[in-house]
Structures are given as C-alpha cells and as structure tokens.
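>>> can't give you the sequence, but here's the structure:
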C-alpha cells in the first residue's frame, strides 16, 4: 500500500496506524494520484515548454524589433508587453485551463482519500492531544487575531484554506495540505531525495557559510504541517526546537506527526509578524516557503521579528520559491502572474518583486553576513531563493560555538 508522504511495507499495510499521519491510498486513489501528477508534469513541462518555444521564436523577435532593443527580464513594462502577446497565443488558454483543472483534480483526489482516511488520522491525532507523556507540546491560542492573508485566503485553492475547522481538534486542513502539497511538488518536478530533508539542506548551507555555528535553540516560523520541522531535531539532535504557525489545524497535524515519529517539538500558535517570544531567544530562525504567502507589508515584519528574536551570533535562514525577476525570465513571470490571479497564489508577484536584500539592509542585518541569493541542493535539483544573515556576536553576550 502507498501513502502520500511515504511508502508503507505491504506487511504493515493492514495495520490501522501503519501510515502514521500520512494518507493511505487505496488502488483507486493511487490511480487518480498518478494520473494527476502526470497531467501536472505534462502541463508544466510539455505544454508550457511548447508555449515557451513559441514565445522565444516568434514573440520575442517581434517585440524586440518593435522596441528597437532587447527585452529585459527585470522591466515591468516589458513584462506587460510579453503578457499581452502571450495571451494571444492559442496554447496559452490551453495551458491555463489544464493548470486550473489539475489543481481541482488534486484537491478532489485528496478529499476522496480523506473520506476513508480522516477518521483514522483524527483518532490518532486526538489520542496524542489527550496524552500527558508526550515528547513535545502543543500550545494553541483561541484568542489570536488571525492574519487575513492566511485566514481569509484559500492559498493554493485549498478548499477552506489553512484555518478551516469544524471543531476544536480538527486536523482536516493539515491532512489536506500535506496530501496536496506532495502531489503538487511532484507535478512541479521537485521530488525528495531519500534520506534528505529541508533541514539537511539548511544545515549544509549554514555550515558552509558559518562553519563555527552550532545552534542550541531553533525556531521555525510558518511551520505548517511540520514537514520540515521534525528534521531540525534530527540534524541538530542536541537543540531545542520550537515551531510556530497561525493555523491551528495545521499545528494539530504537525504535533501529531512529530509525536508519532517520537520527536519532541514545541508547537505554538502565533502570528509570525508579531510573536510573543522575548528578544534574543533563539540561535537559529528558519522558514520554508513562507515569504511568498506573505503580504508586501507582512514580509518586512516577518523578517524583522525573525531578527528580533535572534541571539547575538545567531543565524537567520529563510528558504523560498525562486521566482524573482532576473532569475525568472519574462515568460515565467507571465505564467506566475496568472497563478496570482487564478490559482491561489495571491502574493506571489509581490514576493517576487520585493527587494529582499534591501529589506535586510534596512533592518540592520550586517552587509558582510547578509545574503539573498539562489542556492542549489548538493544532491542536485532546482535552486531555492535563500535569504538571511548572522547577528554580530557581542563580547558581553557571546554564546559558545
């Protein structure tokens, strides 16, 4: 039997808890998931690449002849020109419709599987919430003023959004997000390498840049379902790991997943743009694909809060989608703009156009440690846009390396 997130040995497939907090897929679920992933790959690489070829061989030469100059990947006016011309191409609405349809089918597939899986997942999660001998903890704040960009937005067009719940233990949104996210990543061509995690990647990049750094207290902001959170406890086994998010259903799911895997993490419900932690309380502050779900006002606040809670000598490392102009070509920017308007990525272009290096400088991140650049995993694959920096170590408050 296969599960979204892991492969379960056949001998264990009959056990009610065999998949842990992953979604067990039956025969029909597997067939649907395989079809959807194939459809997404054909759309993202087949149809999109045919459209790209048309753009490069016909649209670009025509526009450059009209303008009397080369098109610029960082010019917003050129982006608008490219968009106007691309929208005239017959393949463009075909690509758009297939992308929209693939997203609909993905969520339908996950919800169909949850018809038979959610009772087991909810029972497992509730049992961990009832225990007094847990490895970690779950601290929810029912009075928290939820940020509208998360609470009132169906990001990725996930039905009900990240904060959907019908009772005070509901994990539906977490299970939905975990299942859909794994299919989405595979459809985008991002597949996990066995034995490697987001935490492994961050550890390797941080170690290469700051070889003396050994964190004792780690904070992940916008942790979602904890897919990467658990790995920090494994790559830094002696460190205390705390993770925050504003969406209670995602945190419940993350807590149950960590407990099922025997990993102790403190999960807390907070707005990452206004956290209640004291100043200088964490050695390492990280996030995974959070910035592009944040508003133009929220991004500087999120980074400022990350910097505020960082200890002297501490490191801030954020990892996100590589959509910045100059890295992404005009063609890709136009397709990303469509995602903003129609496919549940309302903050994507604001994120892409943000001057992250400038934000870091204005916050006071030292220029000699600040970074905002593309980093590629050592095992290969697509690059991520990574940004952050290291606080200066003061002689009065120096932490052991």
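Received it, and whenever you're ready, just let me know what you need. Everything numeric in this text was worked out from a predicted model, so none of it was measured. Residues are numbered from 1 along each chain as shown.

>>> need the helices for the stretch 101-250 of the chain, in chain order.
Secondary structure of the stretch 101-250 of the chain (DSSP state H, counting those that start in this stretch): helices located at 148-151, 172-187, 198-209, 229-235, 248-260.

>>> between those, which one is closest to residue 165.
Set against residue 165 and scored by Cβ to Cβ, the helices of the stretch 101-250 of the chain come closest in helix 248-260, at 5.0 Å. C-beta here means a position set from N, CA and C on the backbone, and glycine is covered the same way.

>>> and the closest one with helix 172-187, angle?
Using axes from the mean of the first three to the mean of the last three Cα atoms, to 10 degrees, the inter-axis angle of helix 248-260 relative to helix 172-187 is 80 degrees.

>>> give me the low-pLDDT residue ranges for the stretch 301-401 of the chain?
The stretch 301-401 of the chain contains residues with pLDDT under 70 at 395-401.

>>> mind listing the helices for it?
Counting by DSSP H, counting those that start in this stretch, the stretch 301-401 of the chain has helices at residues 330-342, 348-353, 356-363.

>>> same list (these) but as JSON lines, adding mean neighbour count and distance to residue 167.
As requested, those are exported to JSON lines (neighbours: other Cβ atoms under 10 Å; distance: least, Cβ to Cβ, whole Å):
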{"stretch": "helix 330-342", "mean neighbour count": "19", "distance to residue 167": "32"}
{"stretch": "helix 348-353", "mean neighbour count": "20", "distance to residue 167": "32"}
{"stretch": "helix 356-363", "mean neighbour count": "17", "distance to residue 167": "39"}
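
>>> and residue 349, what does it touch?
Applying Cβ atoms under 8 Å, 6 or more residues apart in numbering to residue 349 gives the contacts 333, 336, 337, 340.

>>> ok, the first one touching residue 325?
Meaning residue 333. Yes: under the criterion of Cβ atoms under 8 Å, residue 333 lies in contact with residue 325, with a separation of 6.2 Å.

>>> between these two, which contacts overlap?
Contacts common to residue 333 and residue 325, judged by Cβ under 8 Å, 6+ apart, are 73, 79, 352.

>>> confidence score at the closest residue to residue 145 other than its chain neighbours?
Once flanking residues are discounted, residue 145 sits nearest to residue 271: 7.2 Å by Cβ to Cβ, 6 or more residues apart in numbering. Reported pLDDT at residue 271 in the predicted model: 97.

>>> same deal with residue 152?
pLDDT at residue 152 comes out at 93.

>>> ok, for it, nearest residue in space, not its chain neighbours?
Closest residue in space to residue 152, ignoring its immediate chain neighbours: residue 161 at 7.5 Å, by Cβ to Cβ, 6+ apart.

>>> can you get me a residue count around that neighbour?
20 (other Cβ atoms under 10 Å).

>>> tell me where this structure has strands.
Secondary structure of the chain (DSSP state E): strands at 2-4, 6-7, 23-25, 137-139, 217-221, 240-245, 266-269, 282-288, 310-320, 371-375, 384-390.

>>> need the ones you listed in CSV (columns: distance to residue 254 and mean neighbour count).
Listed next are the strands of the chain as CSV, based on distance: least, Cβ to Cβ, whole Å; neighbours: other Cβ atoms under 10 Å:
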stretch, distance to residue 254, mean neighbour count
strand 2-4, 16, 21
strand 6-7, 16, 12
strand 23-25, 15, 24
strand 137-139, 9, 16
strand 217-221, 10, 26
strand 240-245, 7, 24
strand 266-269, 6, 21
strand 282-288, 12, 26
strand 310-320, 18, 23
strand 371-375, 25, 17
strand 384-390, 21, 24
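
>>> about what we covered before: highest average neighbour count across the helices of the stretch 101-250 of the chain?
Among the helices of the stretch 101-250 of the chain, helix 248-260 has the highest mean neighbour count (mean count of other Cβ atoms under 10 Å), at a mean of 27.

>>> what is the rounded mean pLDDT of it?
Per-residue pLDDT over helix 248-260 has a mean of 97.

>>> cool, stretch 107-121 as well?
Here the average pLDDT along stretch 107-121 is 96.

>>> and if you look at stretch 281-297?
On average, stretch 281-297 scores 95.

>>> and that stretch, how far out from the chain middle?
Centre-to-centre, stretch 281-297 and its host chain are 10 Å apart (Cα atoms, centre = their mean, to the nearest Å).

>>> cool, and stretch 349-365?
Centroid separation for stretch 349-365 versus its chain: 18 Å, with Cα atoms, centre = their mean.
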